[in-house]
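Student: turn this into a structure:
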Amino acid sequence: MPAATGGTPGARPRVLDGVVAAGVFLYSVPLLPAAVPGRVPFAVAVLLTAALCATPLLSRRSPVLAHGAGLALLGAQTALGVGPVPAVIVPLVTLYRVALQCDRRRSPAAAVLVGAGAVVAALRWDDPYLGVPEVLSALVLVGAVWVWGSTVGVRRAYVAAVEDRAARLEREQETLRRMVLATERNRIARELHDVVSHGLGVVVVLAAGAAARARTDPASAEEAMLAVERTGRRSLVEMRRMLGVLRDDDPGPGGPQPGLADLDRLLDEVRTAGLPVVPEVSGAPVDLDDGVDLTAYRIVQEALTNVRRHAGPSVTRVEVELRYGPDELVVRVADDGAGPAPAAGGTPGQGLVGMAERVASCGGTLRTGAGRTGGFEVLAHLPSGSAG
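Tutor: Residues are numbered from 1 along each chain as shown. Below you'll find the predicted structure:
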């Protein structure tokens, strides 16, 4: 875009105002000798006319002040008996500025003052060419200038309001986009935490068992390593799918999210890793919303990961219970191990925090802590929200 010429912004309008003021003044000066009575010094009339013609130069910044000054100068000329010259149209220019820039309370008053001044000046000048038709025409002109300025002002205000609203909507949409993006990234971070913590935990346990039995029981060790491979592949598929969401140029491999239909496979993995899991399902299973289904699965997955990490070697039983009710699904995971592990700084770990966020996003409730008969218990109440 080419650079603007003419100096600072607004320089061109000011130059235009100056040219108009100078033109009106130069056009009026030759007519002043015939319009100035003998008792009034000609220099005084010239100075009043020059000041009157200069008032539009102030009207862009201070329209009310410029308009008032113009009316005062015109009144002074009329009081001295100076007859009509082209400079008398200057108050119409400042009236336009008042109507354009000021509110609807002040601009009508400015128009009334100009109209009243026109009537008084016509009576004072006692010019044979100024009769009632001319005065009425002057009043109509005043009204037309006021309507013109008001209409342009209303249109400009409307356009400015529309542009401001569009800019505000754009800012709100950008804020909403960032909020949605942050929410999605937090969701993906929770998913990654669950996948990595569970998958790597199972892999570590299986690999340690395989290493311990490699010489004494090669077949068992081989089976454990095959389980490591299967668990690792499934974890990699889930991680690639979720990481793909973070890349603008790669939607990542699609695929359904895990749910309670995959629970048996999950329990088989942890049993293979040596965790004594006892599942129990009560009530009639229903089709769950995708979010509730995923949340229930992740709760069980995270709870079993925590059992492996914190329950200790004394754990002999891990209960995984699903209770389907008419309006809710209860998910309970309890063990008889060493009990709750003390959290650093007295705050829950990221796994429990993510679990609580998942449950809250579904409108459910979560309780974690010591079990009724020792060990640790995770108890979640989720709305069953039939997907049908």
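
Student: contacts only, for residue 324.
Tutor: 281, 282, 283, 284, 285, 286, 384 (Cβ atoms under 8 Å, 6 or more residues apart in numbering). (Each C-beta comes from the backbone N, C-alpha and C, glycine too.)

Student: roughly how far does residue 177 sit from residue 189?
Tutor: For residue 177, the distance to residue 189 (Cβ to Cβ, to the nearest Å) stands at 18 Å.

Student: those two: which is more packed in?
Tutor: residue 189 (14 against 10; other Cβ atoms under 10 Å).

Student: the helix or strand encompassing that one packs against which elements?
Tutor: Residue 189 belongs to helix 132-213 when assigned by DSSP states H and E. For helix 132-213, the packing partners by 3 or more Cβ pairs under 8 Å, 6 or more residues apart in numbering; DSSP states H and E come out as helix 90-101, helix 106-125, helix 218-245, helix 263-272, helix 290-310, helix 350-361.

Student: what angle do the helix or strand that comes right after the fifth one and helix 290-310 make?
Tutor: The one in question is helix 290-310. Scanning forward in sequence from helix 290-310 by DSSP H and E, the next helix or strand is strand 318-324. Strand 318-324 runs at 160 degrees relative to helix 290-310, counting by axes from the mean of the first three to the mean of the last three Cα atoms, to 10 degrees.

Student: for strand 318-324, list the C-alpha coordinates in CSV.
Tutor: This file holds the C-alpha atoms of strand 318-324, laid out as CSV (Å, rounded to 0.1, in the frame of the first residue of the first chain):
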residue,chain,number,x,y,z
VAL,A,318,-8.1,-56.5,43.4
GLU,A,319,-11.8,-56.1,42.9
VAL,A,320,-13.1,-54.4,39.7
GLU,A,321,-16.8,-53.8,40.0
LEU,A,322,-19.3,-52.4,37.5
ARG,A,323,-22.8,-51.7,38.8
TYR,A,324,-25.3,-50.7,36.1
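
Student: that one pairs with which strands?
Tutor: If you go by DSSP bridges, strand 318-324 pairs up with strand 277-282 (parallel), strand 328-335 (antiparallel).

Student: show me how this protein divides into domains.
Tutor: As recorded under automatic domain parsing, the domains making up the chain are 12-130, 277-388.

Student: in CSV, list those along with mean pLDDT and distance to residue 264.
Tutor: Compiled in CSV, these are given as follows (pLDDT from 0 to 100; distance: least, Cβ to Cβ, whole Å):
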stretch, mean pLDDT, distance to residue 264
domain 12-130, 77, 74
domain 277-388, 82, 8
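
Student: any idea how far residue 299 is from residue 114?
Tutor: Residue 299 is 78 Å from residue 114, by Cβ to Cβ.

Student: likewise residue 221?
Tutor: The value you get for residue 221 to residue 114, if Cβ to Cβ is used, is 104 Å.

Student: if you count what's nearby, which of the two comes out ahead?
Tutor: Shown here are residue 221 and residue 114; by other Cβ under 10 Å, residue 114 has more neighbours (25 against 19).

Student: once you drop chain neighbours, what's closest to residue 139?
Tutor: Excluding the flanking residues, the one nearest residue 139 by Cβ to Cβ, 6 or more residues apart in numbering is residue 115, at 5.2 Å.

Student: surely the one you found touches residue 142?
Tutor: Yes. The criterion here is Cβ atoms under 8 Å, and residue 115 meets it with residue 142 at 4.9 Å.

Student: neighbour count winner among those two?
Tutor: residue 142 (22 against 19).

Student: all set, thanks.
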